[in-house]
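Peer 1: can't give you the sequence, but here's the structure:
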Ligand code: NI
Ligand code: MN
């Protein structure tokens with residue numbers, strides 16, 4: 001499994017010859033100006049919730065690639081009206097896709113579309129594929145529900161928001177990593193705008209002191225699991 005960071009909460013995940021894009025917000029992120037969305041491949045686009053900073057580039061990329069949008073019922077319905085194919089899910093549900101199993105899990109946040117209309121409840125994803133299991137938390141507060149994930153899945157990586165203000169900050173992300181029983185964390189939702197700027201060295205050191213590994217990738221950088 002290969003994971004590429006495209007800035008903010010945007011990711012590319014390659015698993016079993018399938019490419020999944022997650023929360024593409026690239027053209028709206030000046031820090032990701034070197035990423036050309038017209039060159040991104042996608043078989044699926046996973047959307048955690050309806051906020052602009054998670055779905056800005058979904059329509060454009062889905063129409064070019066024919067990618068299937070996987071999200072909550074309300075978000076999938078929204079994109080189906082635009083002629084985009086979707087796979088609706090809701091909390092606690094899982095599905096065997098060609099590349100592996102996906103569960104849509106709880107997140108504590110909000111989820112209105114940019115025009116203010118209802119975007120369903122926000123979520124995260126647990127993806128099991130290629131003998132690697134990852135948790136994409138989405139925008140969320142720390143929540144006890146995260147403990148449920150560890151009851152069913154042995155995670156290899158937890159992708160957690162760490163920018164604070166709108167989501168968990170560093171200290172809550174460390175507790176989240178305890179809750180999901182995964183000490184390997186990829187940070188997201190930081191530095192994109194003023195409210196969520198973090199000190200990278202301090203963040204990594206704080207994780208390190210708790211016996212955990214916080215990875216902060218450059219935009220465009222990849223890791224192999
Ligand atoms: Ni959000
Ligand atoms: Mn967000």
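Peer 2: On my side now, so go ahead. Everything quoted here is computed from the prediction, not taken from an experiment. Ligands and ions are numbered 1, 2, ... in the order given.

Peer 1: separation between residue 127 and residue 211?
Peer 2: Distance, residue 127 to residue 211, using C-beta to C-beta, to the nearest Å: 25 Å. All C-beta spots, glycine's among them, are computed from the backbone N, C-alpha and C.

Peer 1: of those two, who's got more company?
Peer 2: Applying other C-beta atoms under 10 Å to residue 127 and residue 211 shows that residue 127 carries more neighbours, namely 25 against 9.

Peer 1: for the nearest residue to residue 52 once chain neighbours are set aside, give me phi and psi.
Peer 2: For residue 52, ignoring the flanking residues on the chain, the nearest one in space by C-beta to C-beta, 6 or more residues apart in numbering is residue 114 at 4.5 Å. Residue 114 has phi and psi values of phi -50, psi -30 when expressed as degrees, to the nearest 10.

Peer 1: so what's residue 114 up against?
Peer 2: Going by C-beta atoms under 8 Å, 6 or more residues apart in numbering, residue 114 touches 50, 51, 52.

Peer 1: which parts of this protein are strands?
Peer 2: 2-5, 11-15, 18-22, 44-46, 68-72, 86-89, 94-97, 100-106, 123-129, 132-136, 157-161, 184-188, 213-215, 222-224 (DSSP state E).

Peer 1: which residues does the fourth one contact?
Peer 2: Just to be clear, that refers to strand 44-46. 18-24, 58, 61-62, 67-71, 87, 97, 99, 102, 125, 136.

Peer 1: and the buried ones among these, selectable in PyMOL?
Peer 2: Applying 16 or more other C-beta atoms under 10 Å to the contacts of strand 44-46, the buried members can be selected in PyMOL as follows:
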select buried, resi 18+19+20+21+22+23+24+58+61+62+67+68+69+70+71+97+99+102+125+136
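
Peer 1: from the contacts of residue 114, list just the buried residues.
Peer 2: 50, 51.

Peer 1: can I get the contacts of residue 114 in CSV with distance to ligand 2 and pLDDT?
Peer 2: Formatted as CSV, the contacts of residue 114 follow (distance: C-beta to the ion, whole Å; pLDDT from 0 to 100):
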residue, distance to ligand 2, pLDDT
50, 10, 98
51, 5, 98
52, 8, 98
